[in-house]
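Peer 1: when you get a sec, could you give me coordinates for this:
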Amino acid sequence: MGAKQCQNIQMLMPTRRSAQVRFILTIPHPLPPMVIMNVQSTRVSDEFLVAVFLRLDLLSLTRCKQVCKHFQRVIEENDAVRYDFELQAACLRDAPSGGNVTVGTASRLAMLQAHRRAWDALSWSTPAPEHLFTSPDTEKWLLVGDVLCIAGPKLIQCIRLPSSIRNIELQEWKVEHTLEKYEFTVDPAQDLLVLVEDDLESIHLLTLSMGVPHPDTAAHNAAVFYGHYEETDDALDRGVRVKLSGKHLGLFLPAYVADCDWDEELVIWDWKSGKAQVVFNGSFARCFAFLPDDLILLGHMGTGDLQLCVYDLGAPVATNATEPKVIGLSDDVSFVCTFEYGGINGDIESMEIRSQTTAPSTGTRMGTGMVHASPFVPAPAEGLFSILISMDGDCMPGVTLLSLSAITRGIASARACAAPGATVSYKWEEWGKDVCHSLYLGGWGNSWSQVSMRGFRCASMLKVERDPYKSTGEYEQQLVLRDFHRCTARRYWSWAQQSLPEQGHGGAWKSRKAHDTQLDLGAREVEIKLPKGPGGKAWDEVLLGEDAVVFKQVFLYQFILNKRDGGRCNFAIMALEDKL
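Peer 2: Take a look at the predicted model:
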């Protein structure tokens, strides 16, 4: 086939790279006779069509199936195209095989279909959460991908969550170190463990698999000294937060100033080179989250207005700069774009942005190679992020869920239309009002715990008082799962109206009406009643994995001089399995 013919076909079908805005193909239906004759005369090979289909977005693939039976046959009979179609419909992306194990396309497709069936049917492997044996003296915990990290003094216990759907077995290991009090984060895809000392004197960059100095750090140093901060014994108690995305390490740190007060600063590091890239000080950034393509989303409080600001970490800097760029409240900053956050009545006490990791997460790199890698992982530019806002006088924060695509669409439009150096600003009505969903953590007779997200799904714990009118103090506990992905919900409805598969003991999905949520009219949710945890105590937190849910229960804490000193948390898991 000639280059001109190839070019004409590609012009008819916008690819994922060229089609930044969701739209269907402009192919008439049915095709005019002259077009049909031209297509038949070209005798396009199935191999060429497959290569073209693998470059199309979801809506374009759907349109191809509708306008041509030959296209439909090729799409439905080719495993690679079907797998790509299912990945896009689930907002996932393909991941390379790990270690010495190669997973073929047909096997990946079967796993992905099993993954979808298990979520649709809510078929759990056990009728109740199954206990995980964890170390005592638990202080912190973190679930990244499918690796659960439970931290205590001088020890981090790591548990790779099992998955019968993706052929991943349970794996446990421990990382020993020398720190009593610390903040930490991990990136299993980079085999990276970051420990921030309590006095902020050093940041330790270790391998998650072995706890040794990470080989990708500058000069192979185990610790990076950051001398901007004065030594203090209670820095972690004042809100140190650490986040990772690729080469970027974000540290939200309290800075000591001359009047003996504390003020927060956000420092963005390139952890591989050991150099700080940019510092936001003077409470410029109240919270942050990394975005794809070297971008960062900052929660900024201006003159009474709350904004989400997008800053480009990849912007060029002076070649002779020896110190990081410092940005304060009074500085004129060039952002990619800003998003007004509306609907706030009252004074904001604190805020936080939470999102799933945007770094490529393909599995756990143990030593020299990837092992126990998942065949598919969440797409970095898809899914949900949440904004938690505490108002003065509120005992619990309100949570707003937003689609990450609302931000990425605004960024793409700003970069395409704005003049160099100009900042595009979006009003709340333009970008967020119609794509948000608010969760109010509290209510008469009910109480919520924090929200955990994975892709377009979110999970939360709900305690429902048995008799709110009598206030007996007796509660039933429920796991509330919500799925805001339009394609998933619509496909669920299409077969639910005909015949429902056998439901697991976890209950059945129900739809949410348009007035209940504006995030996506295709949302679905389910409430699952939970038995109490060990000791007859309720679970108080949930962590959402790819096809599993982890529950956490605070069992016992000792308090010495009004400070928590040691204790124990219980963890349990409910995993999905395919019943077919």
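
Peer 1: for residue 277, give me its contacts.
Peer 2: 248, 268-270, 313, 317, 324-325 (Cβ atoms under 8 Å, 6 or more residues apart in numbering). To be clear about C-beta, it is placed using only N, CA and C from the backbone, and glycine gets the same treatment.

Peer 1: who does the nearest residue in space to it that is not next to it in sequence bridge with?
Peer 2: Spatial nearest neighbour of residue 277, excluding adjacent residues (Cβ to Cβ, 6 or more residues apart in numbering): residue 268 at 4.8 Å. Residue 268 has these beta-bridge partners by DSSP bridges: residue 250, residue 278.

Peer 1: same list (the contacts of residue 277) but as a markdown table, adding pLDDT and neighbour count.
Peer 2: Listed next are the contacts of residue 277 as a markdown table, based on pLDDT from 0 to 100; neighbours: other Cβ atoms under 10 Å:
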| residue | pLDDT | neighbour count |
| --- | --- | --- |
| 248 | 92 | 21 |
| 268 | 90 | 23 |
| 269 | 88 | 24 |
| 270 | 88 | 16 |
| 313 | 91 | 19 |
| 317 | 64 | 11 |
| 324 | 79 | 17 |
| 325 | 82 | 16 |
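
Peer 1: between these, which sits nearest residue 338?
Peer 2: Nearest to residue 338 among the contacts of residue 277 is residue 313, at 16.3 Å by Cβ to Cβ.

Peer 1: which ones are touching the residue lying closest to the closest one once chain neighbours are set aside?
Peer 2: Excluding the flanking residues, the one nearest residue 313 by Cβ to Cβ, 6+ apart is residue 294, at 4.6 Å. Residues in contact with residue 294 (Cβ under 8 Å, 6+ apart) are 246, 248, 312-314.

Peer 1: from residue 572, how far off is residue 127?
Peer 2: 12 Å (Cβ to Cβ, to the nearest Å).

Peer 1: who's more crowded, the two?
Peer 2: Neighbour tally, residue 127 and residue 572, criterion other Cβ atoms under 10 Å: the higher count belongs to residue 572, 20 against 11.

Peer 1: for burial, what's the neighbour tally of the residue nearest to residue 153 when sequence neighbours are not counted?
Peer 2: Closest residue to residue 153 apart from its sequence neighbours, by Cβ to Cβ, 6+ apart: residue 180 at 4.8 Å. Using other Cβ under 10 Å, the number of residues around residue 180 comes to 11.

Peer 1: and what of residue 305?
Peer 2: Neighbours of residue 305 (other Cβ under 10 Å): 11.

Peer 1: the stretch 101-250 of the chain: helices as residue ranges?
Peer 2: Here the stretch 101-250 of the chain has its helices, by DSSP state H, counting those that start in this stretch, at 105-121.

Peer 1: same thing with the chain?
Peer 2: 3-12, 33-42, 46-53, 58-67, 69-77, 79-89, 105-121, 404-417, 428-431, 486-496 (DSSP state H).

Peer 1: what residues of the longest one count as buried?
Peer 2: What that stands for is helix 105-121. Residues 105, 108-121 are the ones in helix 105-121 that count as buried (16 or more other Cβ atoms under 10 Å).

Peer 1: got any ranges where the stretch 51-200 of the chain has weak pLDDT?
Peer 2: For the stretch 51-200 of the chain, the stretches flagged by pLDDT under 70 are 97-101, 200.

Peer 1: now with 50?
Peer 2: 100 (pLDDT under 50).

Peer 1: end to end on stretch 129-147, go ahead and measure it.
Peer 2: Using Cα to Cα, to the nearest Å, the end-to-end distance of stretch 129-147 comes to 18 Å.

Peer 1: so what's the residue nearest to residue 454 when sequence neighbours are not counted up against?
Peer 2: Spatial nearest neighbour of residue 454, excluding adjacent residues (Cβ to Cβ, 6+ apart): residue 544 at 4.4 Å. Shown in contact with residue 544 (Cβ under 8 Å, 6+ apart): 143, 452-454, 457-459, 550.

Peer 1: going by distance to residue 74, which of those wins?
Peer 2: residue 457 (31.6 Å).

Peer 1: now the residue nearest to residue 454: how far from residue 573?
Peer 2: Taking Cβ to Cβ as the measure, residue 544 falls 11 Å from residue 573.

Peer 1: give me the common contacts of the two.
Peer 2: In contact with both residue 544 and residue 573: residue 550, using Cβ under 8 Å, 6+ apart.

Peer 1: any idea how far residue 94 is from residue 509?
Peer 2: According to Cβ to Cβ, residue 94 stands 27 Å off from residue 509.

Peer 1: go on, residue 274?
Peer 2: 48 Å.

Peer 1: ok, the two, which is more surrounded?
Peer 2: When residue 274 and residue 509 are compared for neighbours, residue 509 comes out ahead with 24 against 16, by other Cβ under 10 Å.

Peer 1: want to try JSON lines for the helices of the chain, with distance to residue 185 as columns?
Peer 2: Shown next, in JSON lines, are the helices of the chain (distance: least, Cβ to Cβ, whole Å):
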{"stretch": "helix 3-12", "distance to residue 185": "42"}
{"stretch": "helix 33-42", "distance to residue 185": "53"}
{"stretch": "helix 46-53", "distance to residue 185": "39"}
{"stretch": "helix 58-67", "distance to residue 185": "33"}
{"stretch": "helix 69-77", "distance to residue 185": "41"}
{"stretch": "helix 79-89", "distance to residue 185": "27"}
{"stretch": "helix 105-121", "distance to residue 185": "27"}
{"stretch": "helix 404-417", "distance to residue 185": "20"}
{"stretch": "helix 428-431", "distance to residue 185": "29"}
{"stretch": "helix 486-496", "distance to residue 185": "29"}
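
Peer 1: looking at those helices, spot the one closest to residue 536.
Peer 2: helix 105-121 (30.2 Å).
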